[in-house]
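Colleague: Next input, structure requested:
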Amino acid sequence: MIDPSRDVALVREVLAGDKESFAQLVEIHKNKIYGLLRGMGAGPQDAQDYTQEAFLKAYRKLAGFREESSFASWMYTIAVNVMRDAGRKKKADPADDDVLVKGQHHSETPEAAYLRKETGREMHKLLEQLPDKYRIVILLRYTNELSYEEIADIVGVDVDKVRNRLHRAKKSLRKKFKDEEGMKHEMLEACSDKRVPSFWK
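Modeller: Reported below is the predicted structural model:
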């Protein structure tokens, strides 16, 4: 669980001259940033490169970070801009299964693990079909657990528009999921609620 107050303390330490503290910030947030970029369509190598560039930009701009803001949402904004500034987006390879669906539990049977992975792949396939403006709000809300206000700051729209986009994105995903050829209801039944993002319910 990310502790915003810890982030602020680390930022202060970096600005006071302790450069090693920035390495801790990178360690805390790098996987979330990478996962967001993968979900937005970046291939593995591009996502890694964009993540590194985002942290370099953040380090250079750290004095401009406002403590009343979330460091995580500030980083997401930088990362999204880095990807947009790249001027291109390659079609993503199948993203890691744990970007939207959490890892296997010790008590999980091989059959349940297989169904969870298949469901995860299907989710990513459907996410790729969404327009960028819908995909990013879904990812920020459900994989990075940001508030509507934080998402609004990142994507540059008001909170009402964020809610509207989330509603439309969820509606579209549900329809795509139901219509997808070959998908079976048993796949969701076999996975516990904890392994299925709440927007599928």
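Colleague: where are the low-confidence patches of the protein?
Modeller: Along the chain, the model assigns pLDDT under 70 to residues 1-2, 87-124, 180-201.
Colleague: Do a quick rundown of the helices in it.
Modeller: Ranges of helices in the chain, per DSSP state H, are 4-15, 20-39, 44-60, 71-85, 110-128, 132-142, 148-155, 159-179, 185-189.
Colleague: helices and strands around the first one, which ones?
Modeller: Contacts defined by 3 or more Cβ pairs under 8 Å, 6 or more residues apart in numbering; DSSP states H and E place helix 4-15 against helix 20-39, helix 71-85. C-betas here are computed from N, CA, C, even on glycine.
Colleague: If you count neighbours, what's buried in the first one?
Modeller: Applying a neighbour-count criterion of 16 or more other Cβ atoms under 10 Å, the buried positions in helix 20-39 are 21-22, 24-26, 28-30, 32-39.
Colleague: Could you list the residues in contact with it?
Modeller: Residues from elsewhere that reach helix 20-39, judged by Cβ atoms under 8 Å, 6 or more residues apart in numbering: 2, 6-7, 10-11, 13-14, 44, 46-48, 50-51, 54-55, 59, 62, 71-72, 75-76, 79-80, 83, 92, 95-96, 99-100, 124, 127, 135, 139-140, 143-144.
Colleague: Going through those residues, which ones are buried?
Modeller: Neighbour counting with 16+ other Cβ under 10 Å marks 7, 10-11, 13-14, 46-47, 50-51, 54-55, 71-72, 75-76, 79-80, 83, 92, 95-96, 99-100, 124, 127, 135, 139-140, 143-144 as buried within the contacts of helix 20-39.
Colleague: sorry, back to before: nearest to K175, of the buried residues of helix 20-39?
Modeller: Nearest to K175, judged by Cβ to Cβ, of the buried residues of helix 20-39 is G39 at 19.8 Å.
Colleague: what's the closest non-adjacent residue to P4?
Modeller: Once flanking residues are discounted, P4 sits nearest to S70: 5.7 Å by Cβ to Cβ, 6 or more residues apart in numbering.
Colleague: next one: phi and psi at that neighbour?
Modeller: Backbone torsions of S70, given as degrees, to the nearest 10, read phi -80, psi 130.
Colleague: if I read this right, it contacts E150, doesn't it?
Modeller: Yes: using Cβ atoms under 8 Å, S70 is in contact with E150, at 5.7 Å.
Colleague: Between these two, which is the more surrounded one?
Modeller: A direct count of neighbours by other Cβ atoms under 10 Å for S70 and E150 places E150 higher, at 22 against 19.
Colleague: and the gap between that one and D7?
Modeller: From E150 across to D7, the span is 13 Å (Cβ to Cβ, to the nearest Å).
Colleague: any common contacting residues for those two?
Modeller: By Cβ under 8 Å, 6+ apart, E150 and D7 have these common neighbours: S70, A72.
Colleague: For the residue nearest to F71 when sequence neighbours are not counted, list the residues it contacts.
Modeller: Spatial nearest neighbour of F71, excluding adjacent residues (Cβ to Cβ, 6+ apart): D7 at 3.8 Å. Contacts for D7 (Cβ under 8 Å, 6+ apart) come out as L25, I28, S70, F71, A72.
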